[in-house]
Structures are given as structure tokens and as C-alpha cells.
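Student: Dropping a prediction and its sequence here:
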Amino acid sequence: MTQLKDHNLFLRRTDREAPGKHMRPLLLLLVFVASGLLLLSRLDHSMVSDVRWRASTWLSPVLRGALIPAEPVREIGRSISAQVDLSHELERLRQENQKLESWKWRAQQLESKVADLEALAKTVPEQKIDFLTSRVIADSSGVFVRSVTIDAGRKRNVKEGYPVINGDGLVGRIVDVAPAVSRVLLATDLNSRIPVRIGPNAVRGILAGDNSARPRLIYIPEGANIANGDDVATSGVGGVFPEGLRLGTVVGGLSDPRVALRADLDRLSYVSVLFFADPFRGVTGDLSQRKVSGEAHNAIPPVYPRLRAAP
């Protein structure tokens, strides 16, 4: 009887240990695959980037469908957090409303003066920019890249180079376009360079991403008068971004100035794509073509030596 009990106990222990033994090869395989993917992510190769972009394009319908059941849960979370801070938010809005009422009258006067001056000077009106609002369906941000994927592509007339904003300010620009999705390079990415103007003196500089939450300000003129808290916005130089898109404020020491962005790039849900075409794109090609045709028109004909008649 005792031997039978020992045998049953041994079988129970064997049954308990059997699943663990079967899971060990699967665990080792998953560790190997994860290590391989980590190694591929560290390789800065065009083929790896192309494969990653194609995989993101193919998986976009799956990601778009996965967001549907999660949307009610996210909405409930946002509603709860909004209700908690509702009293403070109402008090802040009352104070801002009083300030805005006083500024509204001042802004109307300034608009009237600007309109009169533009009519006298015959100023060229600014370009009207259309936009398209899209949803963020994937976040590709990691150690070496800062980008997101949106569900609007070539079918919605989205093109490479278009600026992308949200309610807080500039987010980045379109760098890859597929028929139904597009990839947005965020302002914090290592490859991002944005011409900006800083503070009330409109100091020119470049906002350079370095994969951190606060990108750097570089190429600032020597002796420029900037301070912590100065507003930073796009300058429009180069024609890649329109002028006046707000980015953030200057923070940190003036020896290494950085910008605290207004837009929270880690919690993007909806963004707007500005249909802003580069105004210099056609001008450069046209001028170069005219230069080539002008040189061909004014070219000096070759001088050939005169042939002497045989004596």
C-alpha cells in the first residue's frame, strides 16, 4: 500500500514538472528571437529600415483593428482623469477668459491697423494651408528612432515633407508615404533639423533632435540675446515648414540650450497633416533649367583652323 502511494505521488510530481520541461525550449527560442531583433534594430542599414517600414505597412490593418476594442477603455480613463481635475480646470479657464477678453479688444484694433497697412503697401497675402486630421496607429519610437505611423497616405494626397502638428504645436514631418499609411519623423529624432526663431528678438537657429525629450538649439549667432522661457517657433527659412508654428520654450543652461516641447510626443492620438508644399521646389529647378538654356544660347561657337589649299 505504501509503495502504491509513493508511485502515485511520483506520477503527480512528474505531471507537474512536465509542462515546465516543455516550456524551456520555447522560452529559449523566444530569447533567441528577441536577441536577434534587438541586434537588427541596432544595425543602421537601409535594407533593415526598408524591411521594418514594409512590415509596418502590412501590419497597419491589424493595428488599426486592434485600436477599436481598446478605444472605449482609453476613453473611460480619460473621462476619469478629466473629472478629477475638473474644478481646477474650471478656475483656470475663468482666469484665462478674463485675460482673453481684454486681449480680444486689443487684437481687433491691431488687425484693423495691419489690414490698412497691407492695403497701402499692396502686400502679397499669405498662403492658405489646408490640412487633414489623422489617427496615430503605431508608435515606432525606440532608442535609435523617434517616429509614428498614421492612417493617411498617398490616397489622401499626403506627400513626403508635409509638416505634422497637433493642438499643442509642431510634431514633425512626413518622411515615408504608402497608399494608406505614412510615417512621421518626430521633432526629437536624431535626423530632425528644424529652422527656428527664438524669443522676442527673433534669433535664428536650428532645433536639432538627439533622441531625447528635449532637443538642442544649435547654430545660434554668437552673442545672441536668448533666455530661459523664450518661445521657440518655426522661422520658415528654407521653405520646409511654414513660419510661426510653435514648438516650445528654452530651458537649461545657455551654454547648452534646449527646448521643452509643448506637444507630448509620447502620447499622440490624433495629428493634423498640413498640405504645405515647399515653395522653392519648383523655383530651383526652373532657375537651373533657365541657366543651362541661357549658357547654351550664349555659347561661343568653336573656332576651327582654316585649311590651306595644297600648292
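Tutor: The structure has been received and is ready for your questions.
Student: Buried ones in stretch 80-91, by neighbour count?
Tutor: By neighbour count with 16 or more other Cβ atoms under 10 Å, stretch 80-91 contains no buried residues. For glycine as for every other residue, the C-beta is placed from the backbone atoms N, C-alpha and C.
Student: Okay, and residue 75 sits in which element?
Tutor: Per DSSP states H and E: residue 75 is located in helix 60-84.
Student: what sits up against that helix?
Tutor: 89, 135, 137, 138, 149, 151, 178, 180, 181 (Cβ atoms under 8 Å, 6 or more residues apart in numbering).
Student: how far out from the middle of the chain is stretch 235-255?
Tutor: 14 Å (Cα atoms, centre = their mean, to the nearest Å).
Student: mind checking the end-to-end distance for it?
Tutor: Stretch 235-255 has an end-to-end distance of 22 Å (criterion: Cα to Cα, to the nearest Å).
Student: how about it: buried residues?
Tutor: For stretch 235-255, by 16+ other Cβ under 10 Å, it's 235, 236, 239, 240, 241, 242, 245, 246, 247, 248, 249, 250.
Student: Redo those residues as TSV? Include pLDDT and secondary structure.
Tutor: Shown next, in TSV, are these (pLDDT from 0 to 100; DSSP: H, G, I helix; E, B strand; the rest coil):
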residue	pLDDT	secondary structure
235	92	coil
236	89	coil
239	85	coil
240	87	coil
241	92	coil
242	90	coil
245	93	coil
246	92	strand
247	95	strand
248	94	strand
249	95	strand
250	95	strand
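Student: nearest to residue 58, of the residues you listed?
Tutor: Of all the buried residues of stretch 235-255, residue 240 has the smallest distance to residue 58: 29.7 Å, by Cβ to Cβ.
Student: buried residues in stretch 135-146?
Tutor: Neighbour-count burial for stretch 135-146 flags 136, 137, 138, 139, 141, 145, 146 (criterion: 16+ other Cβ under 10 Å).
Student: From residue 190, how far out is residue 251?
Tutor: 20 Å (Cβ to Cβ, to the nearest Å).
Student: now do residue 272
Tutor: 24 Å.
Student: can you check residue 179 too?
Tutor: In terms of Cβ to Cβ, residue 179 sits 28 Å off from residue 190.
Student: before we move on, back to that, tell me which of the contacts of helix 60-84 fall in helices.
Tutor: Counted as lying in helices by DSSP state H, out of these, are residue 89.
Student: Serialize the contacts of helix 60-84 to JSON lines and add fields for pLDDT.
Tutor: JSON lines is the format used below for the contacts of helix 60-84 (pLDDT from 0 to 100):
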{"residue": "89", "pLDDT": "80"}
{"residue": "135", "pLDDT": "94"}
{"residue": "137", "pLDDT": "91"}
{"residue": "138", "pLDDT": "89"}
{"residue": "149", "pLDDT": "94"}
{"residue": "151", "pLDDT": "93"}
{"residue": "178", "pLDDT": "93"}
{"residue": "180", "pLDDT": "92"}
{"residue": "181", "pLDDT": "94"}
